[in-house]
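Peer 1: What would the 3D arrangement of this be:
(2 chains)
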Amino acid sequence: MVAQNFGHALFCAMITLIISFPILGFNLEAQGINVTLTGAKTTTIIGVVLASIIVFGFQLFRDAIMGALGTLPRFNPLAGREPMEPSRRVKLESRIITVLVVLFLFWPFMVSRGSVDLATLVLIYIMLALGLNVVVGLAGLLDLGYEAFYAVGAYTFALLSRYFDISFWLALPIGALLAALFGLVLGFPVLRLRGDYLAIVTLGFGEIIRILLNNWTNVTGGPNGIGGIPDPTLFGMEFGRRVKEEGNTSFHETFGIAYSGEHKVIFLYLIALVLAVITAMVIRRLMRMPVGRAWEALREDEIAARSLGLSRTAVKLSAFTIGAFFAGFAGTVFASKQGFISPESFVFLESAIILAIVVLGGMGSQLGVILAAIAVTILPELAREFSEYRMLIFGAAMVLMMVWRPQGLLPMRRIHIKLNRLE
Amino acid sequence: MLVLEDVHTHYGKIEALHGVSLEVSRGELVSLIGANGAGKTTLLMTVCGSPRASNGRIFLEGREITGDTTANIMRSGMAIVPEGRRVFSGLTVEENLAMGGFFNSKEEIRKSQAHVYELFPRLKEREHQRAGTMSGGEQQMLAIGRALMSKPRILLMDEPSLGLAPLVIKQIFEIIGQLREEGITIFLVEQNAHQALNLADRGYVLETGRIRLHDTGKNLLNNPEVQAAYLGG
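Peer 2: Residues are numbered from 1 along each chain as shown, chains lettered A, B, ... in the order given. The predicted structure is shown next:
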């Protein structure tokens, strides 16, 4: 086995050397107006050579190493455990979720402003991932342009507030509905497509929206984006130091407390939390309804699903529309949180990250997706100390994850439908 | 019950059915036999509206369904057991059955489900198992059970014996006979000519997109041409 891998390992090591040496082995130094090329430090060159040797060694003993990785689940204490009884599991799960939600409700009052801000972002990603989970995880339609709906939600709020002075609470449903409408519109041309083709068309759609936002300068502000997006208000109470709009009162004056910038952050967090919980509950409900099973049936076997009288059009469109709806939700919250949006926020990488969350969490599994959203959003933040290497660490973590648990963190389990037996 | 009048079907420019006419009457079991590539599956798919017939007319219970959408056709009292079973492998047996009765009320689903479990006690044992983990025979039973969930008046079956062990095939054909006793009209497409004709009231022989022969099941079994071509001499 090792002998067979030798040629391949040598080849991989050479490639590593060829790619990394020109990139890391030379430095461009500016001296006055001239740029000179100098060789890198010896340590860098040693590093490059060392890396090639590691690649060589890994490729040579690849089978043994991958085999050892494969046995990792044995060290997982939960791996060999008998599955819990469904009824007990459901009870336990709902209890855990209740405790978590209550905990999350009070948590922001105890931590720093930065953490709350990050948690809001996590909640936005949870909404996005839960929505995409419907399209990709349940209906099995690979959508690479999901950020387009996110952008539609965010821009709807931004534009409405700019041109029509519409508040967050009114823009929230409008943004979500408009995003859903876009989902419906995208749904039509892609109805006949499957797999790779579908992925390419949705990818194209995502880019179209982004480029449109970028170039429609007189409406969207183009690459300059839109600023001054208002914060949400609580029954007409504003969270700023001074009231911006006539007739509104400010939160700290109404309650007679000192002004604090944190109020606004926490309020946004709580809105995001409530919306995320609503998203999770609505989708959970849908999954148990016939439409949820229809999505799954279509994913499993389109021909069989159609042979039972299901309309391919209706099922696919409903998945696209509902997925897009929640992306619009998340987009509106995002716009309000940032106060400023530009097409930069809605690049393909966003779609890729949301998709990664869904895959990591386990397609179709809600709890898994929520955990993955937390991990994927927080991990790069925690790894910030490693500065430029943080994306590398992120990538390595994902590869390891896929080797260790290819089915995702918490793979979807079947929700049994109970029909009362005829006696 | 089901009438085809001079039906032509195209895949792009290629014509797969060159004017097929046949009839299945209420309560009958009609078999269609033919070699690989004769157009048997195409014929059934055309009845279901995917692909649509490019020429000719199809009637279901006197109503023309030629231009109807698949979804509409499949909701109007007809069900199909597709070729190669096509059960939803990630769903449990119970969920697969529920999918079959998608457009029925909960009450009706409960009744049909009890009936299916009566026909196939094996499925009852596997109620909460994922369909993909069952044997081929069990999956075929599930595919038939799923088709029965919508309480069809006519059942189309596409090669239910495909890839099954002889003992299981025998069981499947017994079930088909039982369904006929219940009064369900059955249109059976088979390569397993002997069993299919033995059970059938009438039979059609399809060859390269045309109906070659048409007779009662027994007569076809004794027909020297059929014997030479489909029954191994």
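Peer 1: switch to C-alpha atoms for all contacts and neighbour counts from now on
Peer 2: Noted.
Peer 1: Next up, the contacts around the most centrally placed residue in chain A.
Peer 2: For chain A, the residue nearest the mean C-alpha position is residue A:354 (2.6 Å; Cα atoms, centre = their mean). Contacts for residue A:354 (Cα atoms under 8 Å, 6 or more residues apart in numbering or on different chains) come out as A:125, A:128, A:129, A:132, A:373.
Peer 1: where does residue B:67 land in three-state SS?
Peer 2: coil (DSSP: H, G, I helix; E, B strand; the rest coil).
Peer 1: Next one: the residue nearest in space to the middle of chain B from residue B:27, what distance?
Peer 2: Among the residues of chain B, the one closest to the centroid is residue B:157, at 1.2 Å (Cα atoms, centre = their mean). Per Cα to Cα, to the nearest Å, residue B:157 is found 15 Å from residue B:27.
Peer 1: for residue B:200, same thing?
Peer 2: 11 Å.
Peer 1: neighbours of whatever residue of the stretch 301-423 of chain A ends up closest to chain B, just the number please.
Peer 2: In the stretch 301-423 of chain A, the residue that lies nearest chain B is residue A:309 (4.1 Å; Cα to the nearest Cα). Residue A:309 has 25 neighbouring residues, counting by other Cα atoms under 10 Å in any protein chain shown.
Peer 1: Ramachandran angles for it?
Peer 2: Backbone dihedrals for residue A:309, given as degrees, to the nearest 10, come out at phi 90, psi 0.
Peer 1: Need the nearest residue in space to residue B:126, chain neighbours excluded.
Peer 2: Nearest in space to residue B:126, with sequence neighbours left out and distances taken as Cα to Cα, 6 or more residues apart in numbering or on different chains, is residue B:93 at 6.7 Å.
Peer 1: residue contacts, that neighbour?
Peer 2: Going by Cα under 8 Å, 6+ apart, residue B:93 touches B:123, B:126, B:127, B:128, B:129, B:130, B:131, B:142.
Peer 1: Kindly recompute the last result at 7 Å.
Peer 2: B:126, B:127, B:128, B:129, B:130, B:131 (Cα atoms under 7 Å, 6 or more residues apart in numbering or on different chains).
Peer 1: which ones among those are found in helices?
Peer 2: Among the contacts of residue B:93, none falls in helices (DSSP state H).
Peer 1: Most neighbours among the residues you listed, please name it.
Peer 2: Among these, residue B:131 has the most neighbours (other Cα under 10 Å), with 26 neighbours.
Peer 1: Give me the residues contacting the lengthiest helix in chain B.
Peer 2: In chain B, assigned by DSSP H, the helix with the most residues is helix B:166-181. With contact meaning Cα under 7 Å, 6+ apart, helix B:166-181 is reached by B:27, B:29, B:137, B:161, B:186.
Peer 1: rerun that using 10 Å as the cut-off
Peer 2: With contact meaning Cα atoms under 10 Å, 6 or more residues apart in numbering or on different chains, helix B:166-181 is reached by B:27-29, B:119-120, B:136-138, B:140-141, B:144, B:148, B:155, B:157, B:160-165, B:182, B:184-186, B:188, B:192, B:195-196, B:199-200.
Peer 1: Next: stretch A:159-174.
Peer 2: Applying Cα under 10 Å, 6+ apart, the contact partners of stretch A:159-174 are A:153-158, A:175, A:177-180, A:219-221, A:226-236, A:325, A:328-333, A:335-336.
Peer 1: ok, and which of these reach chain B?
Peer 2: Taking Cα under 10 Å from any Cα of the partner chain as the test, chain B is in contact with none of those.
Peer 1: Which members of those residues are classed as buried?
Peer 2: Neighbour counting by 16 or more other Cα atoms under 10 Å in any protein chain shown classes A:153-158, A:175, A:177-180, A:220-221, A:226-227, A:229-233, A:325, A:328-333, A:335-336 among the contacts of stretch A:159-174 as buried.
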